[in-house]
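A.B. asks: Give me a 3D structure for the following:
(one chain, ligands or ions: 1)
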Amino acid sequence: MVLGELGGSISRALQQMSNATIIDEKVLNECLNEITRALLQSDVQFKLVRDMQTNIKNIINLDDLAAGHNKRRIIQQAIFNELCKMLDPGKPSFTPKKGKPSVIMFVGLQGSGKTTTCTKYAYYHQKKGWKPALVCADTFRAGAFDQLKQNATKAKIPFYGSYTESDPVKIAVDGVDTFKKDNHDLIIVDTSGRHKQEASLFEEMRQVAEATNPDLIVFVMDSSIGQAAFDQAQAFKKSVAVGAVIITKMDGHAKGGGALSAVAATKSPVIFIGTGEHMDEFEVFDVKPFVSRLLGMGDLSGFMDKIQEVVPMDQQPELLQKLSEGNFTLRIMYEQFQNILKMGPIGQVFSMLPGFSSELMPKGQEKESQAKIKRYMTMMDSMTNEELDSSNPKLMNESRIMRIARGSGRQLREVAEMLEEYKRLAKIWSKMKGLKIPKKGEMSALSRNMNAQHMGKVLPPQMLKQIGGMGGLQSLMKQMGNMGSAKDMMGMFGGGDK
Ligand SMILES: Nc1nc2c(ncn2[C@@H]2O[C@H](COP(=O)(O)OP(=O)(O)OP(=O)(O)O)[C@@H](O)[C@H]2O)c(=O)[nH]1
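C.D. replies: Purely as a prediction, here's the structure:
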C-alpha cells in the first residue's frame with residue numbers, strides 16, 4: 001500500500017469510528033484492526049504494529065472518557081503519538097558542523113539509491129554554504145565511479161576515486177585525507193552495494209569504516225523493499241554503527257511503512273527522504289509533519305516552510321494573515337494560481353495539504369494541470385471584484401455563473417467545475433484558521449533571511465564571493481536591515497528581480 005493510500009485508510013478508519021453513535025470497545029477494536037491492516041499492508045513490521053495496538057489500548061480507557069469528550073480526537077492523538085514514537089528513536093543523529101571536517105559514510109544494498117543519495121546530500125549542503133566532497137569507494141560495481149563522477153560534476157562538487165585501484169579501503173582513506181587537507185567540511189564516502197546481504201559486503205564495509213572512522217554512517221534504504229526492511233536494516237546495524245537512515249524512492253509506489261521498520265531496527269532517525277531521481281528531489285525528514293500527513297491531519301509546519309520558499313516574499317505576510325483568518329477567496333486562489341504558473345513547483349507546496357495536489361495537480365500530468373489552471377484563471381478574469389473577494393459560495397448564483405461562462409467563452413459546466421475546485425480548496429484552507437503567524441518583527445527577520453537566500457541565488461557567484469559568501473551577505477543585509485526591500489537592494493547590486 002503506498003503512503004497516500006495508507007493515510008487515506010487510517011483517516012477512513014477514524015472517520016468510520018466517529019460516525020458510530022457510541023464509541024465502545026467493539027468500535028475501537030474495529031478501528032484499530034483497520035489501522036493495523038493498513039500498516040501491515042504498508043510493510044510495517046508485524047511486531048511493531050502489534051505493540052502499537054497494545055499500547056493504544058492501554059492508553060485509552062473508554063470508561064474513563066466521560067461523555068462530551070471528543071473520543072475521535074483522543075484516539076487520533078494516541079495513534080499519532082504512537083506512530084511518532086515508532087519513528088523517533090529518542091536521540092538525534094550526529095549533526096555535522098559547518099567549517100569543521102566531518103566524514104559521512106553511506107551504506108546500503110545495490111540499487112538502493114546510495115550513489116544518487118550521496119550526491120543529493122552533498123548538493124543539499126552545498127546550497128547551504130558547506131564545502132562538501134565525494135569519495136567513491138565502490139570498487140565492486142563497474143561504472144560506479146563514472147556515475148558518481150557524472151553526478152558530482154553536474155553539481156560542481158569535488159570528487160575522488162580511481163579506475164585502477166581495487167582496494168576500497170585505500171581509496172576511502174586517500175580520498176578522506178585529500179579532502180581533509182583541502183579543508184572540506186563534509187566528506188562523503190560512497191561504499192559498494194551488493195545484490196544481497198553478503199558476508200563479503202559487510203566485511204568490506206567494516207574495514208572502510210574502521211579505516212576512515214566516520215562521524216556518521218548513513219544507511220540508505222529503498223522504500224519499496226517491503227517487509228524485508230526490518231531485517232535488512234538490522235543486518236547493516238549489526239555490522240557497522242549505523243547512526244541515521246535515508247529512505248529513497250518515496251515518490252512513485254513507495255511503501256512508507258519500511259521507514260518505520262528501519263528506524264525500529266537501527267534505532268536511528270530517518271534524516272532525509274529521496275522523492276525522485278533529480279538532485280533536488282530530497283527532503284529533510286521530520287517525524288511529526290510526516291505522521292500528520294499520514295493521518296490526513298495536514299502538515300502545517302511543512303506548509304509554512306514551503307510558503308516561505310515559493311510564495312513571493314512581499315505576499316507572504318498578507319497570505320499568512322488571510323490564512324489565519326480562514327478566509328479563502330477566489331482572489332486568493334487566483335493569486336496562488338499565478339504563483340503556480342510563475343514558479344513551477346507549487347505542486348510540492350500544495351501536496352503538504354491533504355488531498356490537494358493529487359486532485360488539482362496529479363503527478364505526471366503537470367502540462368494538463370497547467371492548462372486547467374490557465375482555464376480557471378480565464379474564467380476568473382470575467383468575475384467582478386465582489387465575486388473575487390467574497391468567501392461566500394452562495395453568492396455564485398446561476399445568473400452569475402452564466403455571465404462568467406459567456407464572458408470567458410467557456411461552458412457552464414466548466415465554470416461550475418472551477419467553483420467546485422474553489423470550494424474544495426476553501427474547505428482545506430479553512431483548517432488554517434487560527435494559524436499562529438509570526439509577529440511583525442519576526443517576519444522581517446524571516447524576510448531578511450529569505451532575502452539573503454533569494455539574493456544568494458541570483459547574485460553572480462563572483463560578487464557573492466566578494467561579499468563573503470552567504471554568511472557575509474546575510475550580515476550585510478542585517479546591517480542594511482531598515483533600508484528597504486529586496487528589490488531596492490538588488491538595484492544596488494546592479495541586479496534585479498524582474
Ligand atoms: N524515483 C526515484 N529514483 C531514485 C531515487 N534515488 C535513487 N533513484 C534511482 O535508483 C536507481 C539506483 O540508484 P543508485 O544511486 O545507482 O543506487 P546505488 O545504491 O548507488 O547502487 P550501487 O552503487 O550499485 O550500490 C537509479 O536509477 C536512481 O536514479 C529516488 O528518491 N526516487
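
A.B. asks: Let me see the contact set for the residue lying closest to Met396 once chain neighbours are set aside.
C.D. replies: In space, and not counting its chain neighbours, Met396 is closest to Leu419: 5.7 Å by CB to CB, 6 or more residues apart in numbering. Every C-beta, even on glycine, is put in place using the N, C-alpha and C of the backbone. By CB atoms under 8 Å, 6 or more residues apart in numbering, the contact set of Leu419 is Pro393, Met396, Ile401.

A.B. asks: how about 10 Å then?
C.D. replies: If a contact means CB atoms under 10 Å, 6 or more residues apart in numbering, then Leu419 has Leu330, Tyr376, Met379, Pro393, Met396, Arg400, Ile401, Ile404 as its contacts.

A.B. asks: could you dump these to JSON lines with secondary structure, distance to the ligand and neighbour count?
C.D. replies: Listed next are these as JSON lines, based on DSSP: H, G, I helix; E, B strand; the rest coil; distance: CB to the nearest ligand atom, whole Å; neighbours: other CB atoms under 10 Å:
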{"residue": "Leu330", "secondary structure": "helix", "distance to the ligand": "36", "neighbour count": "24"}
{"residue": "Tyr376", "secondary structure": "helix", "distance to the ligand": "30", "neighbour count": "24"}
{"residue": "Met379", "secondary structure": "helix", "distance to the ligand": "36", "neighbour count": "22"}
{"residue": "Pro393", "secondary structure": "helix", "distance to the ligand": "39", "neighbour count": "12"}
{"residue": "Met396", "secondary structure": "coil", "distance to the ligand": "41", "neighbour count": "19"}
{"residue": "Arg400", "secondary structure": "helix", "distance to the ligand": "45", "neighbour count": "17"}
{"residue": "Ile401", "secondary structure": "helix", "distance to the ligand": "42", "neighbour count": "17"}
{"residue": "Ile404", "secondary structure": "helix", "distance to the ligand": "41", "neighbour count": "25"}
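
A.B. asks: of the residues you listed, the lowest pLDDT goes to which?
C.D. replies: Lowest pLDDT among the contacts of Leu419: Pro393, with 74.

A.B. asks: Quick one, grab the pLDDT at the closest residue in space to that one that isn't next to it in sequence.
C.D. replies: Nearest non-adjacent residue to Pro393, counting by CB to CB, 6+ apart: Lys423, 5.6 Å away. We have a pLDDT of 83 for Lys423.

A.B. asks: Within the helices and strands, which one has Lys423?
C.D. replies: Element membership of Lys423 [criterion: DSSP states H and E] is helix 412-429.

A.B. asks: Identify each buried residue in that helix, please.
C.D. replies: Glu414, Val415, Glu417, Met418, Leu419, Glu421, Tyr422, Leu425, Ala426, Trp429 (16 or more other CB atoms under 10 Å).

A.B. asks: ok, so of those, who is nearest Glu25?
C.D. replies: Trp429 (37.3 Å; CB to CB).

A.B. asks: Quick one: name the residues of the stretch 1-150 of the chain near the ligand.
C.D. replies: Gly108, Gln110, Gly111, Ser112, Gly113, Lys114, Thr115, Thr116, Asp138, Arg141, Ala144, Gln147 (CB under 6 Å from any ligand atom).

A.B. asks: Let me see the contact set for the residue nearest to Pro393.
C.D. replies: When contacts are taken as CB under 10 Å, 6+ apart, Lys423 is in contact with Phe328, Pro393, Met396.

A.B. asks: again with Phe159
C.D. replies: By CB under 10 Å, 6+ apart, the contact set of Phe159 is 118-119, 122, 132-136, 145, 148-153, 175, 179, 188, 190.

A.B. asks: how near is it to Phe219?
C.D. replies: 22 Å (CB to CB, to the nearest Å).

A.B. asks: where are the low-confidence patches of the stretch 1-150 of the chain?
C.D. replies: 1-8, 18, 62-70 (pLDDT under 70).

A.B. asks: Strands of that one, start to end?
C.D. replies: Counting by DSSP state E, counting those that start in this stretch, the stretch 1-150 of the chain has strands at residues 102-107, 132-137.

A.B. asks: and these as a markdown table, adding mean neighbour count?
C.D. replies: A markdown table is the format used below for those (neighbours: other CB atoms under 10 Å):
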| stretch | mean neighbour count |
| --- | --- |
| strand 102-107 | 24 |
| strand 132-137 | 28 |
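
A.B. asks: Out of those, which gets nearest to Glu210?
C.D. replies: Using CB to CB, the nearest of the strands of the stretch 1-150 of the chain to Glu210 is strand 102-107, at 10.8 Å.

A.B. asks: The closest one vs strand 132-137, what angle?
C.D. replies: 40 degrees (axes from the mean of the first three to the mean of the last three CA atoms, to 10 degrees).

A.B. asks: picking that back up, just send the residues of the stretch 1-150 of the chain next to the ligand back as TSV, with neighbour count too.
C.D. replies: Listed next are these as TSV, based on neighbours: other CB under 10 Å:
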residue	neighbour count
Gly108	27
Gln110	16
Gly111	15
Ser112	24
Gly113	22
Lys114	26
Thr115	28
Thr116	23
Asp138	27
Arg141	14
Ala144	21
Gln147	16
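
A.B. asks: of all those, which comes closest to Glu204?
C.D. replies: Asp138 (9.8 Å).

A.B. asks: who are the neighbours in contact with the closest one?
C.D. replies: 106, 110, 114-115, 118, 144-145, 147-148, 161, 168, 171-172, 189-193, 204 are the contacts of Asp138 under CB under 10 Å, 6+ apart.

A.B. asks: Now, the residues you listed that are in helices?
C.D. replies: If you go by DSSP state H, the contacts of Asp138 have Lys114, Thr115, Cys118, Ala144, Phe145, Gln147, Leu148, Pro168, Ile171, Ala172, Glu204 in helices.

A.B. asks: Would you agree the second one is in contact with Val220?
C.D. replies: Just to be clear, that refers to Thr115. Yes - here Thr115 reaches Val220: they are 9.2 Å apart, a contact under CB atoms under 10 Å.

A.B. asks: Common neighbours of these two, please.
C.D. replies: Joint contacts of Thr115 and Val220 (CB under 10 Å, 6+ apart) are Phe106, Gly108, Asp190, Thr191, Gly193.

A.B. asks: Can you tell me how far the residue nearest to Met396 is from Lys372?
C.D. replies: From Leu419 to Lys372 the distance is 14 Å (CB to CB).

A.B. asks: What of Ile10?
C.D. replies: Per CB to CB, Ile10 is found 30 Å from Lys372.

A.B. asks: try Val135
C.D. replies: In this view, Val135 and Lys372 are 46 Å apart by CB to CB.
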